[in-house]
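Colleague: predicted model, plus sequence, below.
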Amino acid sequence: AQTVTQSQPEMSVQEAETVTLSCTYDTSESDYYLFWYKQPPSRQMILVIRQEAYKQQNATENRFSVNFQKAAKSFSLKISDSQLGDAAMYFCASQGGSEKLVFGKGTKLTVNP
Amino acid sequence: DTGVSQDPRHKITKRGQNVTFRCDPISEHNRLYWYRQTLGQGPEFLTYFQNEAQLEKSRLLSDRFSAERPKGSFSTLEIQRTEQGDSAMYLCASTSGQGFTYEQYFGPGTRLTVT
């Protein structure tokens, strides 16, 4: 069974600053993917970034990057140069051995102007 | 692509009534997923289809829940004899292939409130 834990229910950041959202996971699968999804208020969930477990290099998408520590089963998201539009719920998720995504409880990110 | 659409966006029903939700995936996406998201929680997997075949069901999908995907296009999720615990956001997602490399695209969800 897979589990995903997000220990920060809420985070806040000043506009243009950097923030890191934490995620830990547990899986018995040898091959799996990890994801960060963004869910803006009243809008649909969109994929922010994903990481293949067998790749050591951390994924990067523009201002978004991850710190993937496989041995520690840690997968944090760093948002650089935060913008007001980054305000949303962020969900960490894993997928391995099955088609389904397993999500954490989410972190609500507030961006202060 | 117009994206994944869901109808209705909001549904209020009384306990004991039946409700049905519809999901239209992105055109030519052969895999379709249903998730349920309760307040303060992340989405939880319910079931998924490849074309018209239902391939996996979560134990969360009690006997009161049924999902179909006739002809492998749109899907419906029906809840019979609704209970207050069924109040949640029901999310649909679709993807064009199998496995990790294919992104799941989510719809806006149907928010169900059972009174």
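Modeller: On my side now, so go ahead.
Colleague: for the closest residue to residue A:67 other than its chain neighbours, what are its contacts?
Modeller: Using CB to CB, 6 or more residues apart in numbering or on different chains and skipping the chain neighbours, the partner closest in space to residue A:67 is residue A:76 (4.7 Å). For the C-beta atoms, the positions are set from N, CA and C on the backbone; glycine is no exception. Residue A:76 makes contact with A:20-23, A:66-67 under the criterion CB atoms under 8 Å, 6 or more residues apart in numbering or on different chains.
Colleague: confidence score at residue 26?
Modeller: All of this is about chain A. Note for residue A:26: predicted pLDDT of 95.
Colleague: switch to chain B, that's the one I care about
Modeller: Each residue has a pLDDT score; the one for residue B:26 is 94.
Colleague: got it, and residue A:93?
Modeller: At residue A:93, pLDDT is 96.
Colleague: before we move on, what about residue A:98?
Modeller: pLDDT recorded at residue A:98 is 77.
Colleague: ok, it touching residue B:56?
Modeller: Yes: shown here, residue A:98 and residue B:56 form a contact pair, counting by CB atoms under 8 Å, at 7.0 Å.
Colleague: closest one to residue B:18 out of the contacts of residue A:76, please.
Modeller: residue A:23 (37.8 Å; CB to CB).
Colleague: count of neighbours near the closest one?
Modeller: Residue A:23: 27 surrounding residues under other CB atoms under 10 Å in any protein chain shown.
Colleague: I am finished for the moment; much appreciated.
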